[in-house]
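Trainee: using only what follows, build the 3D model:
(one chain, ligands or ions: 2)
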Amino acid sequence: MDLFQWSLLLFSILVIGISLLYRWSTAFNFHCKMALFFGWCAFWTANMSIFLSPILRRNPDNMKLLRTFIWPLKRFYGIKIAVQGSENLNMKEPYVMVCNHQTYLDLLGMMEIIPDRCVPVAKRELLYLGLVGHACWLSGMIFIDRRKKDEAREILRQAAQTMWHENMRIWVYPEGTRNKGKTLLPFKRGAFHLAVQAQVPIIPVVISSYRDFYCSKEKRFTAGNLKIRILPKVDTKDLGPEDIPALTDSIHKRMQDTYKEICGGKDVKP
Ligand SMILES: CCCCCCCCCCCCCCCC(=O)SCCNC(=O)CCNC(=O)[C@H](O)C(C)(C)COP(=O)(O)OP(=O)(O)OC[C@H]1O[C@@H](n2cnc3c(N)ncnc32)[C@H](O)[C@@H]1OP(=O)(O)O
Ligand SMILES: CCCCCCCC/C=C\CCCCCCCC(=O)OC[C@@H](O)COP(=O)(O)O
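Mentor: Ligands and ions are numbered 1, 2, ... in the order given. Below you'll find the predicted structure:
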């Protein structure tokens, strides 16, 4: 091999080596940050469960603790969260909040804006995470088994009955699961039945796509910006079960349009 071929070979090895290192370090960075996320949540919830359970009763007010514990995480990650429309939450009465669900990181956005005495509807599997589940239970979260649909509807019906009495707000992810797609999934109807049964307003919340700084498939997690838009309330006064399909569709459309808008109108992909 002459000098030119040697230098070509060396150059190719260098380029391949650097790109491999970059990929590995990006993936390493991703895994460290995800481990921090789960570790942080597990650490604080375990402490809450062990040390505070003797003095705490199951109460939505305990959500304030989770809200406080999670607050520093966004700082560690360098995620700036811009909230628009917070004035739409200035209501004393109960309401149902519906929000799009993309990743576990939605927890950061949720805890950024979740009002007092607001509890999420969560899948029952969370309860089985030991001390994490216990802390969630202490915080008054509503657990449903998504496979037992009749039971889930009954739990929400009971929640509708107690919302006024206990002055509670309820947060639902109406897509029912995390969604990495370009558009919102069709909405499950539980949140809308809940609001109509309780005769409380619905507040739609939209979190922008994470694609600019986070992608689990590409193992990419850098610093970045997130937008949260809280839309004006939608009244459900005098609506009945027959109005639920139209109500669900109109809120889905507004949230879908808002998602597109806050993602810059581009072809959105988390
Ligand atoms: C540092 C510290 C950090 C700490 C940190 C710790 C961790 C802290 C984590 C917190 C964070 C949690 C976040 C979790 C997030 C999730 O776990 S998301 C998953 C769980 N949530 C959900 O699934 C909610 C959305 N799902 C629903 O609302 C579903 O409607 C239900 C209630 C499960 C029922 O399921 P389904 O029957 O399949 O529902 P759907 O297809 O909508 O409806 C079928 C029929 O039933 C009717 N129906 C539905 N619901 C009802 C109802 N309630 N009443 C009467 N009829 C109904 C519908 O109208 C429909 O009838 P038609 O109109 O077709 O005639
Ligand atoms: C990559 C998974 C690694 C699991 C490690 C478990 C370690 C437990 C430590 C801390 C727990 C933190 C709990 C965060 C819960 C966030 C709530 C959430 O966003 O759940 C997803 C659920 O809405 C929808 O579930 P699916 O999309 O249907 O599934």
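
Trainee: going forward, measure contacts between C-alpha atoms and count neighbours the same way
Mentor: OK.

Trainee: okay, now residue 170: neighbour count?
Mentor: 27 (other C-alpha atoms under 10 Å).

Trainee: surely residue 118 touches residue 169?
Mentor: Yes - counting by C-alpha atoms under 8 Å, residue 118 touches residue 169, with 4.2 Å between them.

Trainee: how about residue 143, what does it touch?
Mentor: 121-124, 127 (C-alpha atoms under 8 Å, 6 or more residues apart in numbering).

Trainee: oh sorry, the question was meant for residue 192
Mentor: 202, 244, 247-248.

Trainee: quick check: residue 156 touching residue 194?
Mentor: Yes - the pair formed by residue 156 and residue 194 meets the contact definition of C-alpha under 8 Å, at 6.2 Å.

Trainee: give the next helix or strand downstream of the longest helix along the chain.
Mentor: As assigned by DSSP state H, the longest helix anywhere in the chain is helix 3-47. Going down the chain from helix 3-47, the next helix or strand is helix 63-77, by DSSP states H and E.

Trainee: what residues of that following helix count as buried?
Mentor: Neighbour-count burial for helix 63-77, counted by 16 or more other C-alpha atoms under 10 Å, picks out 63-64, 66-67, 69-70, 73-74.

Trainee: where along the stretch 151-270 of the chain do the strands fall?
Mentor: 169-172, 202-207, 214-215, 220-221, 224-230 (DSSP state E, counting those that start in this stretch).

Trainee: nearest to ligand 2, of those strands?
Mentor: strand 169-172 (9.6 Å; C-alpha to the nearest ligand atom).

Trainee: what's the angle between the longest helix of the chain and helix 63-77?
Mentor: Orientation note: helix 3-47 sits at an angle of 160 degrees relative to helix 63-77 (axes from the mean of the first three to the mean of the last three C-alpha atoms, to 10 degrees).

Trainee: is helix 3-47 in proximity to ligand 1?
Mentor: Yes - Helix 3-47 is in contact with ligand 1 by C-alpha under 6 Å from any ligand atom, via 40-41, 44-45.

Trainee: and those residues, which is closest to ligand 2?
Mentor: residue 41 (4.8 Å).

Trainee: could you check how far the closest one is from residue 29?
Mentor: 18 Å (C-alpha to C-alpha, to the nearest Å).

Trainee: ok, residue 113 next?
Mentor: Counting by C-alpha to C-alpha - residue 113 and residue 29 are separated by 27 Å.

Trainee: sorry, back to before: got JSON lines for the residues of helix 3-47 next to ligand 1, with neighbour count and pLDDT too?
Mentor: JSON lines is the format used below for the residues of helix 3-47 next to ligand 1 (neighbours: other C-alpha atoms under 10 Å; pLDDT from 0 to 100):
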{"residue": "40", "neighbour count": "16", "pLDDT": "97"}
{"residue": "41", "neighbour count": "16", "pLDDT": "97"}
{"residue": "44", "neighbour count": "18", "pLDDT": "96"}
{"residue": "45", "neighbour count": "23", "pLDDT": "97"}
